[in-house]
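S.K.: Predicted model follows, preceded by the sequence.
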Amino acid sequence: MEYRTLPKKRIASFVTGLLKEFKVYGPVKKDGFPMYGEITSPKDLYLLHTPTHLSPKQYLFPQKETLLRFKSGANPPPLSPSGGGQGEDIAPVVEAENQVLFGVHSCDIHALRLLDRVFAYGPPDANYLRRREKTAIIGVDCMPDKYCFCKSVNTTTADSGFDLFLHDIGSGFIVEIGTQKGKALLHKHTKSKKTTAKEIRKIVEFKNKKAELFVAKINAEASTLPLIYSGSYFSPVWEKIGKICYGCGSCNHVCPTCYCFDVRDEIKANLTEGERYRVWDACLLEDFAKVAGGHSFRKTRAERLRHRFNRKFQYQVDKFGGLFCVGCGRCIRTCLVNINIAEVTNELIEESNRRR
Amino acid sequence: MNSLKNQTAAADISSPYMSRLARIERASRLTKKERLFRIAIEDRKPLGHSPGQFIMLSIPGYGEAPISISSPPDRKSVFEICVRAVGNLTNALHNLTKGDRLWIRGPYGKAFPVENLNGKDLLFIAGGIGLVPMRSLIKAVLAERLLYGRIHLLYGVKSPDEILFKDELSQWGQTGNINVSITIDKPHPEWKGHTGVVTTLISPLKIDEAKTAAVVVGPPIMYKYVIMSLGDKRISGHDIYVSLERRMKCGLGKCGHCQINSVYVCQEGPVFRLSDIRYLREAI
């Protein structure tokens, strides 16, 4: 592991340097809340904070993204099924620009690594992978709030998945080098010093201090959770939370590892141009598993909640390896009726223990 | 087209969403709700499908949907689909006629494993438009009829006017040496044949369970009961194949709509061997 030390005042010049080359996105404070947003000056950055409301997945997998553009071949006829034989042309759209995600937390770094696997599975997703290739990730240490439970799912720290990682040691940042790309960025845009053993010890001190601050936790080893979920298919818990769930899909929206999408067409008002785009979808919404003709494969909210929770702790784990819940707590903070994924999991653990 | 290409940021990366232009060669009405389309791919390259696979079909502005391929795997650039008008896209499709353009990508999904059916007695069980993907397999089987033993086709529909491929059904019976039995759900004044759900055709059959393979395609509700009846006939789950319908938006194993537990139907299905999904909750 390679480290460099950056005095606090140099962070501004580093960001200024990055801004010359890249779009930079990072945590900012907006209306008093920590959010992810575009950084236009080092002053915008709001580092060392509790989790942001939305995850940085939006910069690799935008909420709405154009996949194809189409255009009618001639002046009338407009885009229409019976386009008079002139018809339309379509062309693929793969948009990506060089960007830096600055100040990404460990949980979100783990989440992005999972999304990397998801979008490489099967026919590779050009849109995501191209954008991913052009993205540099700079991580930063964070502090848990009362909903964070990353410690229970082993995502409190990340040992890869970033180009640089910043550890705040008060007087400055210790910069952990993750990739050659990250190292080059650091050297190009700022001057750093050799890190001393005393400074490295401060990272450990911070980690130890942070470990004591967690309130929320899951009461079982992370590796046992897929099996616990597998045995909980008929648990009464699903019916219980299904009764209070609004089926609004907010949990899907804020989750850093939810990636389901809908594909739709849109025609411009001139009726000769349009696009096919994908947009975030949510498995908690009623229509999500409904086929033409009206049959829905998950009719009740209880079934849809069970599906979502199992995607985090069992289904996607079977498929891609690694828990798909990274313990960020966002779905808990955002839920209108206080459905708490950690508490629900603890209930399932308790039931499972009773069955033994 | 050129001006559109310039907007593409990375022209060298191929988008899996890009589709191929195709034209309708023939459109014919089969029933009140279903039309059969013969479609020619403009670049003349074969579709290259196997029975049971599907395409993603789109009309720009009207959207995209998964559609089963209904013609046999003849390696041509012309193929057939049979579509029920039930949504935005399929209603628009029904308004198209000869020469009109549409876009396709695929084929996608796992096909019926024809090689596993060789030498077997075959029991085809179709409900409603389940006959559409099955027709591709039946035609492939008929092309090599001598490789198979006895063949039964049990076909259940709601009413007589919903029977698809009427002429072909009688042709399969007469020249193809297939025992075709059709049933309608409820009595109908114009119907002289068998009445009742499709499972009522299974019980009277004499089946050699050791050498029979069953292929089941129909509406979601049908599978459970047909599989129970096949169990009564002692046909092993190893010899039962089903094709499962799910909502699909990408066909590429990403969008999540077709997911059954940890399985993406568009990638690992839509055709499954029943014994492989016996423990897949929510499959049947």
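M.R.: Everything's here; your move. Keep in mind that this is a model prediction, so the values were computed, not measured.
S.K.: where in chain A is pLDDT low?
M.R.: For chain A, residues meeting the criterion pLDDT under 70 lie at A:48, A:73-88.
S.K.: Okay, now the unreliable bits of chain B?
M.R.: In chain B, residues with pLDDT under 70: B:1-13.
S.K.: and it, what are its domains?
M.R.: Following automatic domain parsing, one finds the domains of chain B at B:2-108, B:114-277.
S.K.: Can you convert the ones you listed into a markdown table and add a column each for mean neighbour count?
M.R.: Backbone N, C-alpha and C define where each C-beta goes, glycine included. Listed next are the domains of chain B as a markdown table, based on neighbours: other CB atoms under 10 Å in any protein chain shown:
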| stretch | mean neighbour count |
| --- | --- |
| domain B:2-108 | 19 |
| domain B:114-277 | 19 |
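S.K.: Which among those is found nearest to residue A:300?
M.R.: domain B:114-277 (15.7 Å; CB to CB).
S.K.: ok so, going back, reformat the domains of chain B as a markdown table; add distance to residue A:183.
M.R.: As requested, those are exported to a markdown table (distance: least, CB to CB, whole Å):
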| stretch | distance to residue A:183 |
| --- | --- |
| domain B:2-108 | 26 |
| domain B:114-277 | 33 |
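S.K.: Reformat these into JSON lines and put distance to chain A next to each item.
M.R.: Below are the domains of chain B laid out as JSON lines (distance: least, CB to the nearest CB, whole Å):
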{"stretch": "domain B:2-108", "distance to chain A": "3"}
{"stretch": "domain B:114-277", "distance to chain A": "3"}
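S.K.: Any idea which of the ones you listed gets closest to residue A:242?
M.R.: Nearest of these to residue A:242, taken as CB to CB: domain B:114-277 at 18.0 Å.
S.K.: where along the stretch 51-200 of chain B do the helices fall?
M.R.: Here the stretch 51-200 of chain B has its helices, by DSSP state H, counting those that start in this stretch, at B:88-94, B:114-117, B:131-143, B:166-174, B:199-202.
S.K.: Apart from its neighbours in sequence, what residue is nearest residue B:64?
M.R.: Nearest residue to residue B:64, sequence neighbours excluded (CB to CB, 6 or more residues apart in numbering or on different chains): residue B:58, at 3.7 Å.
S.K.: can you list the residues of the stretch 151-300 of chain A near chain B?
M.R.: Neighbours of chain B within the stretch 151-300 of chain A, by CB under 8 Å from any CB of the partner chain: A:233, A:259-267, A:274, A:276, A:278, A:281, A:283, A:288-293, A:295, A:297-298.
S.K.: Recalculate using a threshold of 10 Å.
M.R.: A:226, A:230, A:233-234, A:252, A:258-268, A:271, A:273-278, A:281-283, A:287-298 (CB under 10 Å from any CB of the partner chain).
S.K.: ok, now which ones touch the residue nearest the centre of chain A?
M.R.: Against the mean C-alpha coordinate of chain A, by CA atoms, centre = their mean, the closest residue is residue A:256 at 2.6 Å. By CB atoms under 10 Å, 6 or more residues apart in numbering or on different chains, the contact set of residue A:256 is A:51-52, A:54-58, A:104-105, A:107-112, A:114-115, A:324-326, A:328, A:330-331.
S.K.: Report how many residues lie close to the residue nearest to residue A:216 when sequence neighbours are not counted.
M.R.: Distance criterion CB to CB, 6+ apart; nearest residue to residue A:216, sequence neighbours excluded, is residue A:149 at 4.2 Å. Residues lying near residue A:149 (other CB atoms under 10 Å in any protein chain shown) number 27.
S.K.: Pull up the gap between residue A:149 and chain B, please.
M.R.: 24 Å (CB to the nearest CB, to the nearest Å).
S.K.: Quick check: that residue touching residue A:333?
M.R.: No: with contacts counted by CB atoms under 10 Å, residue A:149 stays clear of residue A:333, the gap being 11.9 Å.
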